[in-house]
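1. need a structure here:
(chains A and B)
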Amino acid sequence: MGKLKVIKAGPHSSIQDLGRFGYRRFGIPQSGAMDPALMKLSNQLVSNPNHYPTIEIALGGIAFESHSDTSLGVTGATLTKNGEIQTNGNAHVKAGDVIEVSKPEKRYAYISIGGLLDAKHDFGSYSTYVQAGFGGMAGRMLQKGDLLETDKTHTLLQQVVVPEQLLQKTKLIHILKGPEWYLLKELPETKTFTIDAASNRMGVRLSGEKLKIDAQEIASSAVIPGTIQLPPDGHPIVLMNDCQTTGGYPRIGKVVDEDLPKLAQLAPLSEVVFNLNFSE
Amino acid sequence: MSVKESGSLQFNDISWRVSLLGEQVILMECAPDIPIDKIHDSTHLIEKLLADDLNDIVPAYHSIAIFTSLSIVDVRKVLNGKKSKINQPGKGDDIIELPICYEVGFDLERVAEHANFPIEKVIDIHLSGTYRSLFMGFTPGFIYADGLADQIACPRLDTPRKLLPAGAVGIAGTQTGIYSLQSPGGWNIIGRTPTKIFDLNRKPPILIDVGTQYRFVRISQKAFETWGS
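-> So this is what the prediction gives:
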C-alpha cells in the first residue's frame, strides 16, 4: 500500500477530484480541481482513472517522505527525487525517499499517487471543501505530518504528453452575457483587468477601472462557477469552484467553461483581457 | 449558445424570462409578485418533467436555475404550457418545532433597540411566528426563510462577524434564516438552536426542506448547553 508522509505542506494543498455535482439545491458547492485537464493528466501518469482524487497545490510547493513503495505523477510543477528533477513527470519511490514538488509553474499543480487515495467521501466526491469540512483529509487543507495512503504500491508509469495549451499562460478569457448584463451603464466588448492577490478557490477578484451599474443588489438567485458578479465597489469577482450556490450581486457575465481553468491558472497581479463572445 | 436563445416561456400559469446562466444551466425568472409557493410548486413540476435530464435545480426568491445538458429549445418544448394539478397538497402542512435559546443570541438588544420594544416583547413576537424555508444557499443547508414579523425586522450588521456558530438564528432586514454551519455572517443573531439543521451524517443531511414550515420553542440556557448530552 502506498504511504507518503507530508513533511512540508505548502500554503494551499488539498485533496481534489473532479468535483461534487447535483447538490447545489442543498447549498452544497461543486469544489474539485481548478484545472481538471491538468489534474486528469497527473492521474494518467500513474495509470489511475481520471476521476481519482489527487493533491492540488497552489502558489507553493509540497514535500513528502515515503513510508512504502509507491508511484507518483506530477503535472504543473517539478518533481525532485534523490536529486533527479522532472517536470510533468512520474517516478517510482521507495520507503525512505524524500520527494519534493516545486511551486506550481502557473498557479495550480497536481500530484497523483498510484492507487485510490484514502480520503473522506462526502456527497459523491473526495474533494476538500474546508468551509463545511467535506472530503479530503478530514475536510481540511493538508498539514505537515499527514499520512497519505493508497490501496496500491507500484502502479505502471505512463508516458503522458502535456498539451501545449495547458502549459501556455493565456490572458484572453471569453465571456458570455449574464442575466444582469443589461444593468451595466457601459457595455464593453473588451476589458482589461488585473488578478487581485485576494483570489482563491471561491473567487477570482479583478481589479482595474470600476464598472458602473444601475442596481447594487438583486434578490438572491443562483450562481455557478464562472459567474461574474459585480459588487457595489465596482470590481468584478469571477466565482470559482468553491463558490456559494446563490448570491445577491448582479451577474453581469459568465466566463465560458473552457476558459475557466485558464483564468484559475493566472498568477496574482497578472493581466487578464475579457472578451465578450458573440459566437453562434 | 448565446443570449439569442433567451426569451419568455409560459409554464405553470406564470410568465418566465428564460436565459442562460451557464452553458448547461438555464435560468427561469418570474415577476417579484409571484408567491414563493408557486416557485416551489414549479420546481417540483420541473423535477418531474425533466426527470433524468435534470442534473440539479436551484430555486430562489423569483427564479429557478435548471442544471441540464438539454438545450433551451428542448427545455422550452418540455415545459411550455404545462401546469401542476390544482389542489396539489403542499409540503407546508407539517410544522417542525425547533428549540431556541435567546440568552445565547448576540444581537437581541440591538434588535430590541431598533424595534423600540423591550427584549421580552421581541422574544414573544419571534416565538409567535411561523417560518417557512424558501431556499438554501450561502453555505450548505443555510435556510432563507420568510414569516418574520415586520416589527422586529432589523438591518444587517455593518461589519460581518468573522465566525458564527452553527444554529445561529439570524435577521437581516425582513429576511430571516438559520446558519447551518459555523461561518462568517452579517445577520443579527437573535438566538441559537441546538438542533443540527444540517448534518453530514444524516440522510438527507437537511432537517427542513424547501417549502417546509417551522416555529420556535423557547429553552433555557442550561437546556441549550446540555442539549443532546
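
2. could you use CA atoms for every contact and neighbour count after this?
-> Fine.

3. quick check: residues of chain B near chain A?
-> B:1-3, B:19-23, B:55-65, B:136-142, B:181-183, B:200, B:206 (C-alpha under 8 Å from any C-alpha of the partner chain).

4. now list the buried members of these.
-> Neighbour-count burial (16 or more other C-alpha atoms under 10 Å in any protein chain shown) is assigned, among those, to B:3, B:19-23, B:55-65, B:136-142, B:181-183, B:206.

5. poorly predicted segments of the chain, please.
-> Let's take chain A. A:278-280 (pLDDT under 70).

6. switch to chain B, that's the one I care about
-> B:1-6, B:86-93.

7. buried residues in the longest helix seen in it?
-> Determined from DSSP state H, the single longest helix within chain B is helix B:36-50. Within helix B:36-50, the residues that count as buried by 16+ other C-alpha under 10 Å are B:36, B:39, B:40, B:41, B:42, B:43, B:45, B:46, B:47, B:50.

8. the helices in chain A, which residues?
-> A:36-45, A:164-167, A:260-264.

9. partner residues bridging residue B:16?
-> In this entry, residue B:16 is beta-bridged to residue B:9, by DSSP bridges.

10. and it, what does it touch?
-> B:8, B:9, B:10, B:28, B:29, B:30, B:31 (C-alpha atoms under 8 Å, 6 or more residues apart in numbering or on different chains).

11. rerun at 7 Å
-> B:8, B:9, B:10, B:28, B:29, B:30 (C-alpha atoms under 7 Å, 6 or more residues apart in numbering or on different chains).

12. most neighbours among these, please name it.
-> residue B:29 (24 neighbours; other C-alpha atoms under 10 Å in any protein chain shown).

13. if we ignore the residues flanking it in sequence, what's nearest that one?
-> residue B:63 (4.3 Å; C-alpha to C-alpha, 6 or more residues apart in numbering or on different chains).

14. show me where chain B has its helices.
-> B:36-50, B:72-79, B:108-115, B:119-128, B:221-226.

15. which residues does residue A:174 bridge with?
-> residue A:275.

16. near chain B, which residues of chain A are found?
-> Taking C-alpha under 7 Å from any C-alpha of the partner chain, the part of chain A that reaches chain B is made up of A:22-28, A:132, A:178-179, A:219-222, A:244-246, A:254, A:280.

17. show me which of these are buried.
-> The buried subset of the residues of chain A next to chain B - by 16+ other C-alpha under 10 Å - is A:22-28, A:132, A:178-179, A:220-222, A:244-246, A:254.

18. what residue spans form the domains of the chain?
-> Picking chain A for this. Domain segmentation of chain A under automatic domain parsing yields A:3-163, A:169-276.

19. not what I meant, chain B
-> Split by automatic domain parsing, chain B gives B:3-79, B:95-226.

20. as JSON lines, these with distance to residue A:188 would be great.
-> Below are the domains of chain B laid out as JSON lines (distance: least, C-alpha to C-alpha, whole Å):
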{"stretch": "domain B:3-79", "distance to residue A:188": "16"}
{"stretch": "domain B:95-226", "distance to residue A:188": "30"}
